[in-house]
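Student: Below: sequence and its predicted model.
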There are 2 protein chains.
Amino acid sequence: MAHRPEDIAALAQELPDLAWITDEAQIARLSQDFSWFSPVLKRQLQDKRGDIAVRPKTEDEIRRVVGACARRGVPITVRGSGTGNYGQIVPLHGGLILDLSGCNAFLWAQGGVGRAQAGIRLGDFDKAAQPLGWELRWQPSTFRAATLGGLYGGGFGGAGSITYGPIAAAGNVLGARVMSVEPEPQIVELRGAEALLVHHKWGTNGIVLELEIALAPALPWVEMIACFGSLAAAMDFCVTLHGATPGIVKKELALMAAPIPEYFTVLAEHLPQGRHAVLMLVVESSEPATRELVAAHGGSVTYRKDQVEVRKSNRTLVEYCWNHTTLQALKVDKGLTYLQARFDPLRQKEQVLALHDELSPEVMLHLEFIRLTDGRHTCSSLPVVRFSTEERLAALAQRFEAHGVTINNAHTHVLEEGGKLRDMDRSALSAAQAMAADAAVAMKQRFDPQGLLNPGKLRGWGPGR
Amino acid sequence: MAHRPEDIAALAQELPDLAWITDEAQIARLSQDFSWFSPVLKRQLQDKRGDIAVRPKTEDEIRRVVGACARRGVPITVRGSGTGNYGQIVPLHGGLILDLSGCNAFLWAQGGVGRAQAGIRLGDFDKAAQPLGWELRWQPSTFRAATLGGLYGGGFGGAGSITYGPIAAAGNVLGARVMSVEPEPQIVELRGAEALLVHHKWGTNGIVLELEIALAPALPWVEMIACFGSLAAAMDFCVTLHGATPGIVKKELALMAAPIPEYFTVLAEHLPQGRHAVLMLVVESSEPATRELVAAHGGSVTYRKDQVEVRKSNRTLVEYCWNHTTLQALKVDKGLTYLQARFDPLRQKEQVLALHDELSPEVMLHLEFIRLTDGRHTCSSLPVVRFSTEERLAALAQRFEAHGVTINNAHTHVLEEGGKLRDMDRSALSAAQAMAADAAVAMKQRFDPQGLLNPGKLRGWGPGR
């Protein structure tokens, strides 16, 4: 994996027309993401640096720099806006940081399908698609900054996953234009299920240049907060709204157990002390039925903005959900971190109440209601946790597991140890999953035969580990 | 309940400017619907007649004729196009047939909500709404002829119920403008859950003049048929496509066990002998993932038309689904009828295979995959049945029940004995259901204090039984 300093210098000399970044402060910034949410990852990753960065403006520029790296054996870490939380774009072995945020063209959207270059920001995609009647199926809380390629390379979904499931659910992605890392880089259009083999692989098995994705119709969403005195009532409301109301169309549903809402200082007037808050986006026509359901569960609606008001205020509740919940809390209190959990579809309420009783306020439950890849309705959780030691953090995770809740390790920069563990850990795989894992490794061999892409992240693959 | 012949004659004399229908053949036609699908109902209902019919063109005309009926004690049976199957518009005690198909204005559609007069045909509603970007959430197979008010008064849902559940699911209906039957008829706008109290009551507890409903975005649907050699494989495919693929957006999914497809003579070239056929509408962007799923289950796609081709051919697979399956079979063989069943969400595959093994070909399974009012994914069934005797038909229904399948009696013209039995049968009701039943009866008292609306259909209510 060792590359020589002179290879780095030679890259820039060989391709003088590219936008190189050599300033140390800038390189340091481009070498980091939001993995500092995790004290564990912060300790492990904060000193990691790329040697040089480049921000190509065309596919041809990407091809030239990737070919040069392949010829010289220089590692390549691809990044978008760096909004990830797992250190997926932190270069563990130096080399080139390939910043794709300059390749950000919106290509087209029609008939419920859209296509763009990987570097497009999600918010910009929606701004281009919405006037055409379409929008992204997923809106992670980082949508303003995050890129489409970054979401695809290291994300899950976001707002919208309550309807369409995660990115990985069949039907969400139609194609990916992918470049190999070779002296003469090849470009291939992967279609259908094959395109998913490079999803959530942190840029380790191919460089995604463009994505073709299924879109959602652009709908008039209303943003609402409902507050509840009892967590059980709030859970009942959420479980009902989530899975038992097919006539209510929703984009986002999150439950913030008290005292999380206290961290949302900007929204303080809408969040009565001590109450549990449900943040949601429902389609405008569903507002009356949603209000009836809130009332039936003893809650009260404390906040309501329609699309026009949201645009005008430039504030969306989406930026209080998903990992922005953690960020909003961290703004107030630096002593916090988070876990990543998935509740059992058949026992979610019981698990939530038991964990709240046992661990609050050290653990403050934040639940996101989603559909899983296989369509089941459940909630995942990014609980806000008061951090003391790494041992205690691990012990808290074990308490979740003791209640039958699945924990995905959010405090590792190794792909197999994190949320997508099950993609790669063969002992725990079904036959179909083993085939998918094999296919992902075959994809690595096909698109990165020298093992230069983001080395150190994909332990399961021989070269470049 | 007896009204005098001279009252009928006086109605037309009192309101000479209305469009009266006195021709016996026309009255006979307007007194019947598609209840002849049931040999039981045919026997019971085929001789029933109204005394006179009227087709008002304005709300004021409706008001005048309803007031006159109330003053004279003449029963009123409201009808749209008469596409129902339960005899809901067959007058059991003569009187006035109030044909609302002339009050059919499309009023508006915006922001995902639309409003129209009850007499609008569903197909006409969609033709008006689709250029505005919206369409009905439900498309029963009768959409060309059936009216919105008729669907609301006696229907369930149709294509679309796989996503939005039935009409009765919260969020689907926003309001209903309802007229009372009194000497001075009152007009009231019912909103939200209250509007549902006059839904599926066969026009017994109020005259619905206009409906305000949540709409679906108008999407580019693709119509496909996939054929399977094994019923188990076809079921696995349907259950997966239905509940386990949140990224595949669908409007219709129906399974026709062999030999039902043989009755679809117009589609014969697409339906290989002996195979089980799955008819579906998926959004265009979901076609590749759907094809991958068909292939993974060993099926083959034998038919595919996009929206342009569907419009051009003026043929839609929707008209082979729901009770049009029965109609297509009846066109070929008059000795058939049907049942109405709902499978258990947790045991649907096992129940389907067991009933097919036990009862085919006397019973040919036709399954419609839907979401229930409470959001659960399951299939309902309108199996095509070779009719021998009423006793045998009842025995077949009992075989379904023996396997844990719920049978709704499709062979009764009494509301409480049919599909909505559980709305009214107090012994089987939950507290919430009992409240809803009480509310529906209160609605009858409020909107029809003399018991003149469709007498004989709502046994649970005192006057007019």
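Tutor: In hand now; what should we look at? Computed from a predicted structure; not experimentally measured.

Student: Residue numbers of the stretch 351-465 of chain A in contact with chain B?
Tutor: Proximity of the stretch 351-465 of chain A to chain B is assessed by Cβ under 8 Å from any Cβ of the partner chain, with A:371, A:373-376 identified as the residues in range. In short, each C-beta sits where N, CA and C put it, glycine included.

Student: State the distance from residue A:285 to chain B.
Tutor: Here the criterion is Cβ to the nearest Cβ, to the nearest Å. By it, residue A:285 lies 4 Å from chain B.

Student: Quick check, that residue in contact with residue B:212.
Tutor: No: taking contacts as Cβ atoms under 8 Å, residue A:285 lies outside contact range of residue B:212: 9.4 Å.

Student: Give me the more crowded residue out of the two.
Tutor: Applying other Cβ atoms under 10 Å in any protein chain shown to residue A:285 and residue B:212 shows that residue A:285 carries more neighbours, namely 27 against 20.

Student: Just to be sure, the more buried one is in a helix?
Tutor: Yes: inclusion of residue A:285 in a helix is indicated when DSSP: H, G, I helix; E, B strand; the rest coil is applied.

Student: From the residues of the stretch 351-465 of chain A next to chain B, list just the buried residues.
Tutor: Burial of these was assessed by neighbour count (16 or more other Cβ atoms under 10 Å in any protein chain shown); the buried members are A:371, A:373, A:375-376.

Student: Quick check: residue A:177 is in a strand.
Tutor: Yes: using three-state DSSP, the assignment for residue A:177 is a strand.

Student: Now for it: which residues touch it?
Tutor: A:187-190, A:208-211 (Cβ atoms under 8 Å, 6 or more residues apart in numbering or on different chains).

Student: Okay, and the beta partners of it?
Tutor: For residue A:177, the beta-bridge assignment (DSSP bridges) gives partners residue A:189, residue A:210.

Student: And the host helix or strand of residue A:281, what does it pack against?
Tutor: Remark: residue A:281 resides in strand A:276-283, with elements defined by DSSP states H and E. On a contact count with 3 or more Cβ pairs under 8 Å, 6 or more residues apart in numbering or on different chains; DSSP states H and E, strand A:276-283 meets strand A:221-228, helix A:231-243, strand A:250-256.

Student: can I have that strand written out in CSV, keeping just the CAs?
Tutor: Only the C-alpha atoms of strand A:276-283 are listed here, as CSV (Å, rounded to 0.1, in the frame of the first residue of the first chain):
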residue,chain,number,x,y,z
HIS,A,276,-42.3,13.8,24.0
ALA,A,277,-42.3,15.3,20.5
VAL,A,278,-43.3,13.7,17.2
LEU,A,279,-41.9,15.4,14.1
MET,A,280,-43.6,14.5,10.8
LEU,A,281,-44.1,15.4,7.2
VAL,A,282,-47.5,14.4,5.8
VAL,A,283,-49.1,15.3,2.5
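
Student: Average pLDDT for that strand, rounded please.
Tutor: Per-residue pLDDT values across strand A:276-283 average out to 98.

Student: hmm, who's touching stretch A:163-172?
Tutor: In this structure, residues lying in contact with stretch A:163-172 by Cβ under 8 Å, 6+ apart are A:137-138, A:151-152, A:155-157, A:173, A:193, A:196, A:199-200, A:213-214, A:216, A:249-251, A:370-373, A:375, B:245-249, B:285-286, B:288-290, B:292-293.

Student: repeat that for 7 Å
Tutor: Surrounding stretch A:163-172, the residues in contact under the criterion Cβ atoms under 7 Å, 6 or more residues apart in numbering or on different chains are A:137-138, A:152, A:155-157, A:173, A:196, A:199-200, A:213-214, A:216, A:250-251, A:371-373, A:375, B:245-248, B:286, B:289, B:292-293.

Student: Stretch A:342-358 too?
Tutor: A:231-232, A:235, A:239, A:257, A:363, A:365, A:367, A:376-381, A:399-400, A:403-406, A:408.

Student: Now do the SS call for residue A:129.
Tutor: The three-state assignment at residue A:129 reads helix, by three-state DSSP.

Student: How about the contacts made by it?
Tutor: Contact criterion Cβ under 7 Å, 6+ apart gives A:109, A:114, A:135, A:215 as the residues in contact with residue A:129.

Student: Out of the residues you listed, which comes closest to chain B?
Tutor: When those are ranked by distance to chain B (Cβ to the nearest Cβ), residue A:215 comes first, at 7.1 Å.

Student: What average pLDDT does the helix or strand in which the closest one is found get?
Tutor: Under the assignment given by DSSP H and E, the secondary-structure element containing residue A:215 is strand A:207-217. Per-residue confidence for strand A:207-217 averages out to 98 on the pLDDT scale.

Student: before we move on, back to that, among the contacts of stretch A:163-172, which are in strands?
Tutor: Counting by DSSP state E, the part of these found in strands is A:173, A:213-214, A:216, A:250-251, A:371.

Student: picking that back up, for PyMOL, write a command that selects the buried ones of the contacts of residue A:177.
Tutor: Written as a PyMOL command, the selection of buried residues from the contacts of residue A:177, which uses 16+ other Cβ under 10 Å, is:
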select buried, chain A and resi 190+208+209+210+211
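
Student: who touches the spatially closest residue to residue A:387 that is not a sequence neighbour in this structure?
Tutor: Setting aside the residues directly before and after it, residue A:387 is nearest to residue A:337 in space (Cβ to Cβ, 6 or more residues apart in numbering or on different chains), at 4.5 Å. Contact criterion Cβ under 7 Å, 6+ apart gives A:37-39, A:385, A:387, A:393 as the residues in contact with residue A:337.

Student: which SS class is residue A:337?
Tutor: At residue A:337, secondary structure determined by three-state DSSP is strand.

Student: circling back to that earlier point, the strand holding residue A:281 pairs with which strands, parallel or anti?
Tutor: On the basis of DSSP bridges, the sheet neighbours of strand A:276-283 come out as strand A:221-228 (antiparallel), strand A:250-256 (antiparallel).
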